[in-house]
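Visitor: Curious how this folds, go ahead:
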Amino acid sequence: MVRNRTVRQLEIIIAARAVIFSKGIENLTVREIAKELKITNAALYKHFKSKSEIISLLIDDIEENLLSAIQAAADKTGDPLHKLESIFYSHLSYSEQMKGTSFTVINQVSGLKDSHLKRKMFGVLNKYLKTIKGIVIQGMESGVFRKDIDPNSASVLFFGALQSMVTLWCLSGYKLSLRKAHFKQMLDIYKSWLAAK
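Guide: Prediction:
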């Protein structure tokens with residue numbers, strides 16, 4: 001669901017991502033974002049009162065942009081295997097563009113005590129998984145995929161492979177390319193596992 005954003009809110013999202021990328025999410029504070037934007041803390045407090053509110057905005061941004069990107073990728077083709085391949089590379093491209101900040105936000109939220117943020121992030125991830133599950137079911141019904149696959153497990157496996165790659169990329173200091181051949185091989189293994197014999 002696309003929400004109307006003010007120019008300042010979009011600037012805050014970009015600044016928050018910059019802080020996460022350069023200083024880590026532990027330093028994502030109103031003060032650091034204000035410094036990044038070159039405004040006073042008081043000016044930023046007119047928009048957000050806490051780190052939780054900023055993280056909530058980042059979750060909204062992940063929902064809007066990542067889910068839109070994978071839906072657009074899926075809409076490019078009718079073939080379920082090609083849909084998954086298109087989503088796979090679209091997700092990697094999104095991660096590179098966002099410098100892995102979405103991965104960082106997902107991990108950060110999982111360790112918070114804030115149940116509202118956890119529910120919100122869980123909802124976004126469930127929407128992602130539901131998209132993949134729908135494609136898997138489509139492939140099973142059309143005979144392209146095996147009939148003995150659990151669509152829920154297949155969707156989690158797909159997302160898990162992508163998150164693992166982004167994790168390695170982040171831990172490598174962003175030196176590991178997300179477009180290297182072995183990522184294609186991982187996708188090929190997944191596709192061959194799904195494919196009907």
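Visitor: Now do Tyr45, the pLDDT please.
Guide: On pLDDT, Tyr45 comes in at 79.
Visitor: Then Leu187?
Guide: The model's pLDDT for Leu187 equals 87.
Visitor: how about the one helix or strand it maps to as PDB, C-alpha atoms only?
Guide: Per DSSP states H and E, Leu187 falls inside helix 181-194. C-alpha atoms of helix 181-194 as PDB (Å, rounded to 0.1, in the frame of the first residue of the first chain):
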ATOM      1  CA  ALA A 181      27.700 -16.700 -10.800                       C
ATOM      2  CA  HIS A 182      27.300 -18.800  -7.600                       C
ATOM      3  CA  PHE A 183      24.100 -16.900  -6.800                       C
ATOM      4  CA  LYS A 184      22.700 -18.000 -10.200                       C
ATOM      5  CA  GLN A 185      23.700 -21.500  -9.300                       C
ATOM      6  CA  MET A 186      21.800 -21.300  -6.000                       C
ATOM      7  CA  LEU A 187      18.700 -20.100  -7.900                       C
ATOM      8  CA  ASP A 188      19.200 -22.900 -10.400                       C
ATOM      9  CA  ILE A 189      19.300 -25.500  -7.500                       C
ATOM     10  CA  TYR A 190      16.100 -24.000  -6.100                       C
ATOM     11  CA  LYS A 191      14.400 -24.000  -9.500                       C
ATOM     12  CA  SER A 192      15.400 -27.600 -10.200                       C
ATOM     13  CA  TRP A 193      14.100 -28.700  -6.800                       C
ATOM     14  CA  LEU A 194      10.700 -27.100  -7.700                       C
END
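Visitor: What are the buried residues along that helix?
Guide: Phe183, Leu187, Tyr190, Lys191, Leu194 (16 or more other Cβ atoms under 10 Å). Backbone N, C-alpha and C define where each C-beta goes, glycine included.
Visitor: Hmm, Val156 and the third one touching each other?
Guide: No. With contacts counted by Cβ atoms under 8 Å, Tyr190 stays clear of Val156, the gap being 11.9 Å.
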